[in-house]
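1. No sequence on hand, only this structure:
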């Protein structure tokens, strides 16, 4: 679900990759381009397009337990506060445990 923008402008906003287990909320869409300069702003945009997705991604002002976010191939501990650059890629991932 890519908004109607020129190809050049598509690189100015983040691309969000939707986890498979949440795609029923996005009508099967695997990735979406949305505006936002933080992960929290991107989640707000996702919620307007796909009502109910925030409830799956967040608990209050934090990521939902068991989720982490990767921005531009780096898992970040900043969660929803993570800053995004034009063209950033955002992935919501299951949290990995170590041992």
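-> Done, it's in. Computed from a predicted structure; not experimentally measured.
2. so where is the protein shaky, pLDDT-wise?
-> 1-11, 97-99 (pLDDT under 70).
3. Contacts for the longest helix anywhere in it next, please.
-> If you go by DSSP state H, the chain has its longest helix at helix 39-49. Outside helix 39-49, the residues that touch it by C-beta atoms under 8 Å, 6 or more residues apart in numbering are 1, 14, 16, 26, 32, 34-36, 53-54, 57-58, 61, 69, 71, 78-82, 84, 90. The way it works is simple: take the backbone N, C-alpha and C, and place the C-beta from them, glycine included.
4. let's go with 6 Å and repeat that
-> 14, 16, 34-36, 53-54, 57, 69, 80, 82, 90 (C-beta atoms under 6 Å, 6 or more residues apart in numbering).
5. Pull the contacting residues for residue 72.
-> 88-89.
6. switch the cut-off to 8 Å
-> Per C-beta under 8 Å, 6+ apart, neighbours of residue 72: 85, 88-89.
7. Return the distance of it relative to residue 85.
-> Distance check for residue 72 against residue 85: by C-beta to C-beta, to the nearest Å, it reads 7 Å.
8. Between those two, which contacts overlap?
-> With C-beta under 8 Å, 6+ apart, residue 72 and residue 85 have no common neighbours.
9. For the most centrally placed residue in the chain, give the beta-bridge partners.
-> Central residue of the chain (C-alpha atoms, centre = their mean): residue 16, 4.4 Å from the mean position. Residue 16 has these beta-bridge partners by DSSP bridges: residue 32, residue 90.
10. going forward, begin numbering at 514 instead of 1
-> All set: I'll call the first residue 514, so the last point we hit is now residue 529.
11. so how far is residue 555 from it?
-> Residue 529 is 6 Å from residue 555, where distance means C-beta to C-beta.
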